[in-house]
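Student: With the sequence up front, the predicted model follows.
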2 protein chains.
Amino acid sequence: MMHMRKVTFGVAASLDLYIARENHSVDWLQWSDEIGAFVKEFWTTVDTVVMGRKTYEAGVREGLKAYDGVRNYVISTTMTEAADPRVEIVRGDPVGFIRALRQSEGRDICIMGGGVLARELFEADLIDEVGVNVHPVLLGSGIPLFHRMSRQLDLRLTECRPFRNGCVLLRYARLDPA
Amino acid sequence: MMHMRKVTFGVAASLDLYIARENHSVDWLQWSDEIGAFVKEFWTTVDTVVMGRKTYEAGVREGLKAYDGVRNYVISTTMTEAADPRVEIVRGDPVGFIRALRQSEGRDICIMGGGVLARELFEADLIDEVGVNVHPVLLGSGIPLFHRMSRQLDLRLTECRPFRNGCVLLRYARLDPA
């Protein structure tokens, strides 16, 4: 039986589903011990993180050059060097890359941030799970989490976890996974 | 002490925060006994419903010409006659109308659907609570719930209720209410 690694798109967003302000700032993001504990638990299931270039650069601005203990990939046609030698740059074709990656050996794969990358993977049926940490704020404007897609994707709620700081983690599985 | 009626913006939406398909269809909305029980409970706190014209017309297409037991208002500059004699048409200026309404006597006020109307009222600090029934689906395209606003509005999570059908009710209060 062929092993297939699960691909999760995970992200934090405002209630109006922006992942960053228009100037790419994420100063509104809340952190807490509870969220940290969840992330730590989730992290044990994953050994690979894939980001778009903008998401990676936003992380670097916050001082996060690479995630420890996992393989880090950034998909970019323009980036020539990452801020950390552990980060591997993937030149374009995220669909082909993820398709090959999920059939290779390993634990699960997390796609971080990046609504444009996520749309491309959703439309190619390469996202198995979605997790959104909804923050209690309407930013009013910013970088959107979801971009227009050509069709509907049905989901199944797998977890709904409110945190004491007012964030709510919503997790879904694709109903018709690839 | 002046009495001030609470104004709630209540709506059902997909996970990508569309309130209807592009053709205004809401065939993806799920109903259940649990959601019905919540709505019935909420309904006891409200005696007035205010809708934009498009939301009202979408309801009429579904066979809902007026809500029982409450005052029904539709804000429209073009509608001359409602589908039900119990519906009162308000000609324009939703901000002035809601501002006067919430200072008058009565139970709370519910603003239904209508992202354009909601934005105008949010920006005028006339929405005290937001309730979104998040459905487990990515529609991919449609009529957006939230429209771009000129500033950030901070919220406090007041309720997070998952339903057995995979919908999640998220309720928030404005942190800096008007």
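Tutor: That came in fine, so what should we check first? Numbering: from 1, shown residues only, chains lettered A, B, ... in the order given.
Student: in chain A, which spans are strands?
Tutor: Applying DSSP state E to chain A gives strands spanning A:7-14, A:18-20, A:46-52, A:71-75, A:87-90, A:108-112, A:129-135, A:137-138, A:143-144, A:153-162, A:168-174.
Student: tell me what the fourth one is packed against?
Tutor: Of the remaining helices and strands, those touching strand A:71-75 by 3 or more Cβ pairs under 8 Å, 6 or more residues apart in numbering or on different chains; DSSP states H and E are strand A:46-52, helix A:53-61, strand A:87-90, helix A:94-103. (C-beta placed from N, C-alpha, C; glycine too.)
Student: Quickly, which of the ones you listed bottoms out on average pLDDT?
Tutor: Within the helices and strands packed on strand A:71-75, confidence is poorest for helix A:53-61, with a mean of 89 (mean pLDDT).
Student: which residue is nearest the middle of chain A?
Tutor: Geometric centre of chain A, nearest residue: residue A:112, 2.2 Å, by Cα atoms, centre = their mean.
Student: Across the sheet, point out what pairs with the closest residue to that one other than its chain neighbours.
Tutor: Spatial nearest neighbour of residue A:112, excluding adjacent residues (Cβ to Cβ, 6 or more residues apart in numbering or on different chains): residue A:51 at 4.7 Å. Here residue A:51 sits in beta bridges with residue A:74, residue A:112, as judged by DSSP bridges.
Student: Next one, pLDDT for the nearest residue to residue A:176 once chain neighbours are set aside please.
Tutor: Leaving aside its chain neighbours, residue A:176 sits nearest to residue A:154 (6.4 Å; criterion: Cβ to Cβ, 6+ apart). What the model reports for residue A:154 is a pLDDT of 97.
Student: Quick one: neighbours of residue A:154, just the number.
Tutor: Per other Cβ atoms under 10 Å in any protein chain shown, the neighbour tally for residue A:154 reads 14.
Student: Against chain B, how distant is residue A:68?
Tutor: Remark: distance between residue A:68 and chain B (Cβ to the nearest Cβ, to the nearest Å) = 31 Å.
Student: repeat for residue A:13
Tutor: Between residue A:13 and chain B the distance is 10 Å, computed by Cβ to the nearest Cβ.
Student: now residue A:60
Tutor: Taking Cβ to the nearest Cβ, one finds residue A:60 at 25 Å from chain B.
Student: Equivalent analysis for residue A:92, please.
Tutor: Distance of residue A:92 to chain B, given as Cβ to the nearest Cβ: 24 Å.
Student: That residue - nearest residue in space that isn't next to it in sequence?
Tutor: Counting by Cβ to Cβ, 6+ apart, the residue nearest residue A:92 is residue A:77, at 4.8 Å.
Student: Pretty sure that neighbour sits against residue A:93.
Tutor: No. With contact defined as Cβ atoms under 8 Å, residue A:77 does not reach residue A:93; the gap is 9.4 Å.
Student: Neighbour count for the two, which is higher?
Tutor: Between residue A:77 and residue A:93, counting by other Cβ under 10 Å, residue A:93 is the more crowded of the two (13 against 10).
Student: Residue A:11: what's its closest spatial neighbour, skipping adjacent residues?
Tutor: Using Cβ to Cβ, 6+ apart and skipping the chain neighbours, the partner closest in space to residue A:11 is residue A:113 (5.4 Å).
Student: Same check on residue A:30?
Tutor: Counting by Cβ to Cβ, 6+ apart, residue A:165 is the residue found nearest to residue A:30 once chain neighbours are left out, at 5.2 Å.
Student: doesn't residue A:36 make contact with the one you found?
Tutor: No. Contact criterion Cβ under 8 Å: residue A:165 and residue A:36 do not qualify, at 11.4 Å.
Student: my guess is residue A:155 meets residue A:132, correct?
Tutor: No. At 11.0 Å, residue A:155 does not count as touching residue A:132 under the criterion of Cβ under 8 Å.
Student: what do the two both touch?
Tutor: residue B:15 (Cβ atoms under 8 Å, 6 or more residues apart in numbering or on different chains).
Student: that older thread, and the residue nearest to the centre of chain A, what's its pLDDT?
Tutor: For residue A:112, the model assigns a pLDDT of 89.
Student: where does it sit relative to chain B, distance-wise?
Tutor: Distance of residue A:112 to chain B, computed by Cβ to the nearest Cβ: 18 Å.
Student: residues touching that residue, list them.
Tutor: Residue A:112 sits next to A:10, A:11, A:49, A:50, A:51, A:55 when contact means Cβ under 8 Å, 6+ apart.
Student: just the residues of chain A that are near chain B, which are they?
Tutor: Within reach of chain B by Cβ under 8 Å from any Cβ of the partner chain, chain A has these residues: A:15-17, A:28, A:122, A:130, A:132, A:134, A:136-141, A:145-146, A:148-157, A:160, A:162, A:166-168, A:170, A:172.
Student: Only the buried subset of those residues, as a PyMOL command please.
Tutor: Command for PyMOL that selects the buried part of the residues of chain A next to chain B, burial taken from 16 or more other Cβ atoms under 10 Å in any protein chain shown:
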select buried, chain A and resi 15+16+17+28+122+130+132+134+136+137+138+139+140+141+145+146+149+152+153+155+157+160+162+166+167+168+170+172
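Student: quick revisit: want to throw the helices and strands packed on strand A:71-75 into a markdown table with distance to residue A:22 and mean neighbour count?
Tutor: Formatted as a markdown table, the helices and strands packed on strand A:71-75 follow (distance: least, Cβ to Cβ, whole Å; neighbours: other Cβ atoms under 10 Å in any protein chain shown):
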| stretch | distance to residue A:22 | mean neighbour count |
| --- | --- | --- |
| strand A:46-52 | 17 | 21 |
| helix A:53-61 | 13 | 20 |
| strand A:87-90 | 26 | 17 |
| helix A:94-103 | 24 | 17 |
